[in-house]
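> okay, predicted coordinates and the sequence, questions at the end:
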Amino acid sequence: MKRTYIYKLGLLILSLFCVTNAFADDVKFSASAPSVVTNESQFRLTYTVNADGKNLHIPDIVDFDVLYGPSTSRSQSVSFVNGTSTSSLSISYTYTLMAKKEGTFTIPAATIEVKGSTYSSNAVTIKVIAADKSTQQSGSSSTSGQVSSEGTQTLTDNDLFILPLVTKTSVYEQECFLLTYKLYTKVDIRGFKDAKFPEFQGFFAQEIDLPQEKQFSVENYKGATYRTVILKQTLLFPQKRGSLYVEPGNFDIVVRLKKQATRRRSFFDDYFDTYQDVNKSIKTKRIEIKVKSLPSGAPSSYANAVGNFKMNTIINSESVKTNEPITIKITLSGNGNFKVVKNPEIKFPIDFETYDPKITNNYEPTIQGVTGSKTIEFLAIPRFAGDFVIPSVEWSYFNTETGRYQTLKTPEYNIKVEKGSNDSNASQSTIADFTNKETVKVLGKDIRFIQTDNYNVKPKEDLFLGSSAYWTWLSLIVLVSAGLFIFLLKKQDLESDAAYTKNKKAMKIARKRLKSAETSLKANDKKTFYENMLNAVWFYLSDKLNISLANLNKENLSNEMTNYGASEELTNNFINLLNDCEFARYAPSNEENSMEKMYNRALDLVENFENVKKRK
């Protein structure tokens with residue numbers, strides 16, 4: 001035991017001895033500074049290197065005043081994992097600068113020498129915005145809002161607000177625009193007590209993924225400087241012409257305000273001031289969007305596509321043998337309403353056996369719109385030799401940049417099909433049955449010859465045909481067949497009813513969607529979990545109540561569920577679940593089991609609603 005201890009101690013000492021040579025050979029030298037600063041304000045420019053260096057040379061900084069620097073700091077750490085030592089070193093050189101004028105400026109790269117080699121940092125771009133005029137006029141540099149007669153800081157509408165910003169207010173049908181909710185603040189925000197974004201009635205919405213850790217930036221708005229952060233970004237596609245509205249959102253935010261001390265503080269008091277948390281309710285403005293109808297004269301090949309698209313076509317070969325596949329890939333790329341566009345269709349020759357196309361989507365919502373590509377892969381198999389023509393395909397869309405319809409075309413392909421080595425179609429003893437997609441049926445082996453001897457004849461009274469047992473079984477078969485026919489006919493009528501089908505399959509689809517939420521739950525991916533939860537619940541209610549998502553919202557959900565036959569308690573539980581999911585999505589709970597509780601609540605509510613009998 002003692003020898004083992006001495007051995008480990010020796011190994012530790014040896015590792016510490018060698019640690020100075022164990023630093024990573026990859027030298028990293030970088031520069032960092034705020035991306036936005038206010039005019040005549042001070043900020044820090046820091047150069048960081050992960051090795052011992054010398055001869056640091058910074059460029060001439062002409063657009064800023066250098067007030068101080070460099071101040072040097074050094075940090076070093078060593079860790080042991082499974083007997084292997086790893087170490088890290090970080091040396092920082094910090095300069096204090098002050099902005100002299102407004103504009104966007106770039107500080108070029110700096111250089112440093114490490115072990116005889118010279119390394120360059122990245123350049124830094126800094127935007128200088130106007131200083132806060134209200135702060136300059138009041139002579140204060142740190143206090144927001146006003147101070148009451150009791151010495152307590154008060155909160156005004158100019159200290160904290162949320163703006164809904166749209167990239168366009170006049171668009172065509174199906175033309176997307178970006179809606180951004182941005183928070184502006186001069187005060188300390190503790191968190192969201194409630195956040196209710198509006199329902200986008202009349203729009204098809206696609207939300208843009210934002211980083212879970214939201215970062216504040218500095219912005220000058222109407223002469224005042226604010227810290228800003230983007231709360232939500234959504235692409236909206238108007239579904240009908242006329243005036244549509246982005247309704248107001250409602251937010252309750254907890255703000256921490258400063259309260260001036262009214263007595264002498266002791267050593268044990270918190271600093272020199274006390275603070276109090278207050279609730280600030282914010283309602284965003286209503287935005288009108290004017291939606292223009294698409295121009296008349298759309299070509300017959302118009303595919304309900306609006307945006308800016310390109311088309312690319314690839315064929316595997318124009319010369320094949322019988323029974324060899326031909327594949328044609330059509331790729332649509334660009335920016336537009338990918339989700340609702342109609343796919344191009346290829347008309348193959350009648351002697352080609354065709355299959356359903358394979359569709360691959362590779363697009364995503366971005367701040368520039370839904371961008372990416374969609375690939376449609378067609379497969380066909382020629383069964384006979386000969387020369388064939390696959391005609392050109394036209395696919396038209398409305399170009400929002402030119403305001404006109406534009407038609408894209410695929411090339412015309414001349415296909416030469418040669419007889420394959422195993423081709424049996426040319427044999428005179430075979431025929432092809434393309435109706436059932438069977439290659440061949442062999443003749444000459446499906447005929448039985450008439451027997452001419454050694455046969456027995458039974459008396460008439462011994463025959464089953466015409467007997468009482470025969471008529472009994474025949475009547476029974478007719479009754480069963482009639483009942484089965486009526487049952488299948490009624491089932492077909494019900495399944496042809498879209499509302500019935502959606503209602504019947506609502507539970508099954510909801511379970512699949514909740515399964516996706518369960519996967520996010522296990523991965524502890526909060527943002528994706530709450531998105532999947534909201535989608536599962538909203539789609540389930542839409543299918544169950546037979547109401548499109550565009551017309552279903554929290555305002556009419558209560559009436560629709562009540563008319564369906566749900567109790568007031570069940571209806572309120574559903575609405576509370578939706579509110580809790582939306583709130584947790586933007587201000588997640590600190591409880592570790594909150595997502596699991598939310599998941600179980602959704603399962604229970606869906607199962608309870610399945611037991612509700614619909615009113616006739």
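Everything's here; your move.
> by mean pLDDT, flag the weakest helix or strand of the protein.
None of the helices or strands of the chain scores lower by mean pLDDT, DSSP states H and E than strand 430-433, at a mean of 36.
> pLDDT value on Val537, please?
For Val537, the model assigns a pLDDT of 86.
> dump the C-alpha coordinates for the host helix or strand of it into PDB.
Assigned by DSSP states H and E, Val537 belongs to helix 526-545. Output in PDB follows, covering the C-alpha atoms of helix 526-545 (Å, rounded to 0.1, in the frame of the first residue of the first chain):
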ATOM      1  CA  LYS A 526     -35.600  23.000 -23.400                       C
ATOM      2  CA  LYS A 527     -36.200  25.100 -26.400                       C
ATOM      3  CA  THR A 528     -36.900  22.200 -28.800                       C
ATOM      4  CA  PHE A 529     -39.000  20.500 -26.100                       C
ATOM      5  CA  TYR A 530     -41.400  23.400 -25.600                       C
ATOM      6  CA  GLU A 531     -41.600  23.900 -29.400                       C
ATOM      7  CA  ASN A 532     -42.600  20.200 -29.900                       C
ATOM      8  CA  MET A 533     -45.100  20.400 -27.000                       C
ATOM      9  CA  LEU A 534     -46.800  23.500 -28.500                       C
ATOM     10  CA  ASN A 535     -46.900  21.900 -32.000                       C
ATOM     11  CA  ALA A 536     -48.300  18.600 -30.600                       C
ATOM     12  CA  VAL A 537     -51.100  20.200 -28.600                       C
ATOM     13  CA  TRP A 538     -52.100  22.800 -31.200                       C
ATOM     14  CA  PHE A 539     -52.200  20.200 -34.100                       C
ATOM     15  CA  TYR A 540     -54.100  17.800 -31.900                       C
ATOM     16  CA  LEU A 541     -56.800  20.300 -31.100                       C
ATOM     17  CA  SER A 542     -56.900  21.400 -34.700                       C
ATOM     18  CA  ASP A 543     -57.500  17.800 -35.900                       C
ATOM     19  CA  LYS A 544     -59.900  17.000 -33.000                       C
ATOM     20  CA  LEU A 545     -62.100  20.100 -33.500                       C
END
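> output the contacting helices and strands for it.
helix 498-522, helix 554-564, helix 568-586, helix 594-610 (3 or more CB pairs under 8 Å, 6 or more residues apart in numbering; DSSP states H and E). The C-beta positions use only the backbone N, C-alpha and C, and glycine is treated the same way.
> how about residues contacting that helix?
Here helix 526-545 makes contact (CB atoms under 8 Å, 6 or more residues apart in numbering) with 207, 209, 212, 502-503, 505-507, 509-510, 513-514, 516-517, 520-521, 547-549, 552, 557, 560-561, 564, 574, 577-578, 581-582, 584-585, 588, 595, 598-599, 602, 605-606, 609.
> which of those count as buried?
Among the contacts of helix 526-545, those classed as buried by 16 or more other CB atoms under 10 Å are 502-503, 506, 510, 513-514, 516-517, 520-521, 547, 549, 552, 557, 560-561, 564, 574, 577-578, 581-582, 584-585, 588, 595, 598-599, 602, 605-606, 609.
> ok so, going back, mean pLDDT and distance to Leu474 added to the helices and strands packed on helix 526-545, as a markdown table?
Listed next are these as a markdown table, based on pLDDT from 0 to 100; distance: least, CB to CB, whole Å:
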| stretch | mean pLDDT | distance to Leu474 |
| --- | --- | --- |
| helix 498-522 | 72 | 36 |
| helix 554-564 | 81 | 47 |
| helix 568-586 | 80 | 53 |
| helix 594-610 | 84 | 44 |
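> what's the next secondary structure element after the longest strand seen in the chain?
For the chain, the longest strand by residue count, based on DSSP state E, is strand 64-81. Downstream of strand 64-81, the first helix or strand assigned by DSSP H and E is strand 84-99.
> that next one: which residues count as buried?
85, 87, 89, 91-97, 99.
> what pairs with that strand, parallel or antiparallel?
strand 42-49 (antiparallel), strand 64-81 (antiparallel) (DSSP bridges).
> following the shortest one, which helix or strand comes up?
Past strand 42-49, heading to the C-terminal end, the next element that is a helix or strand (DSSP H and E) is strand 54-57.
> give the buried residues for stretch 528-545.
528-534, 536-545.
> follow-up on the earlier one: dump the longest strand of the chain to CSV, keeping only the CA atoms.
C-alpha atoms of strand 64-81 as CSV (Å, rounded to 0.1, in the frame of the first residue of the first chain):
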residue,chain,number,x,y,z
PHE,A,64,-9.8,55.9,-31.0
ASP,A,65,-7.9,57.5,-28.1
VAL,A,66,-5.7,55.1,-26.2
LEU,A,67,-6.2,56.0,-22.5
TYR,A,68,-4.2,53.2,-20.9
GLY,A,69,-2.4,50.0,-21.6
PRO,A,70,-1.4,47.4,-21.8
SER,A,71,-2.3,45.8,-18.5
THR,A,72,-1.1,42.2,-18.4
SER,A,73,-2.9,39.3,-16.7
ARG,A,74,-1.8,35.6,-16.7
SER,A,75,-3.8,32.5,-15.8
GLN,A,76,-2.6,28.9,-15.8
SER,A,77,-4.3,25.6,-14.9
VAL,A,78,-3.3,21.9,-14.8
SER,A,79,-5.7,18.9,-14.7
PHE,A,80,-5.2,15.1,-14.6
VAL,A,81,-7.6,12.7,-16.3
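> any weak-confidence spans in the chain?
Applying pLDDT under 70 to the chain picks out residues 1-25, 79-85, 133-153, 260-273, 422-466, 491-504, 549-550, 585-593, 615-616.
> so which elements touch the longest helix anywhere in it?
Counting residues, the longest helix found in the chain (DSSP state H) is helix 468-496. Judged by 3+ CB pairs under 8 Å, 6+ apart, helix 468-496 is in contact with helix 498-522.
> contacting residues around the residue lying closest to Lys554 once chain neighbours are set aside?
Spatial nearest neighbour of Lys554, chain neighbours left out: Ile575 (5.9 Å); criterion: CB to CB, 6 or more residues apart in numbering. When contacts are counted by CB under 8 Å, 6+ apart, Ile575 touches 554, 557-558.
> then Lys285?
164, 248.
> domains in the protein, by residue range?
2-129, 134-292, 307-418, 498-610 (automatic domain parsing).
> closest to Val478 out of those?
The closest of those to Val478 is domain 498-610. By CB to CB, the value is 29.8 Å.
> now do that closest one: distance to the chain's middle.
18 Å (CA atoms, centre = their mean, to the nearest Å).
> then stretch 191-206?
16 Å.
> list the buried residues in that stretch.
Neighbour count says stretch 191-206 has 195-204, 206 buried, by 16+ other CB under 10 Å.
> if we can go back for a sec, can you list the helices and strands packed on helix 526-545 in CSV and add distance to Ser281?
Listed next are those as CSV, based on distance: least, CB to CB, whole Å:
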stretch, distance to Ser281
helix 498-522, 31
helix 554-564, 18
helix 568-586, 15
helix 594-610, 24
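> closest to Ile58 out of the ones you listed?
Nearest to Ile58, of those and by CB to CB, is helix 568-586 at 41.6 Å.
> kindly export the closest one (C-alpha atoms) in PDB.
Taking Å, rounded to 0.1, in the frame of the first residue of the first chain, the C-alpha atoms of helix 568-586 are listed here in PDB:
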ATOM      1  CA  GLU A 568     -65.000  23.900 -18.500                       C
ATOM      2  CA  GLU A 569     -62.300  22.400 -16.300                       C
ATOM      3  CA  LEU A 570     -60.700  20.400 -19.200                       C
ATOM      4  CA  THR A 571     -60.900  23.500 -21.500                       C
ATOM      5  CA  ASN A 572     -59.200  25.700 -18.900                       C
ATOM      6  CA  ASN A 573     -56.500  23.100 -18.300                       C
ATOM      7  CA  PHE A 574     -55.700  23.000 -22.000                       C
ATOM      8  CA  ILE A 575     -55.400  26.800 -22.200                       C
ATOM      9  CA  ASN A 576     -53.300  26.900 -19.100                       C
ATOM     10  CA  LEU A 577     -51.000  24.200 -20.600                       C
ATOM     11  CA  LEU A 578     -50.500  26.300 -23.700                       C
ATOM     12  CA  ASN A 579     -49.800  29.500 -21.700                       C
ATOM     13  CA  ASP A 580     -47.300  27.600 -19.500                       C
ATOM     14  CA  CYS A 581     -45.500  26.200 -22.500                       C
ATOM     15  CA  GLU A 582     -45.200  29.600 -24.100                       C
ATOM     16  CA  PHE A 583     -44.000  31.200 -20.900                       C
ATOM     17  CA  ALA A 584     -41.400  28.500 -20.200                       C
ATOM     18  CA  ARG A 585     -40.200  28.700 -23.700                       C
ATOM     19  CA  TYR A 586     -38.900  32.300 -23.200                       C
END
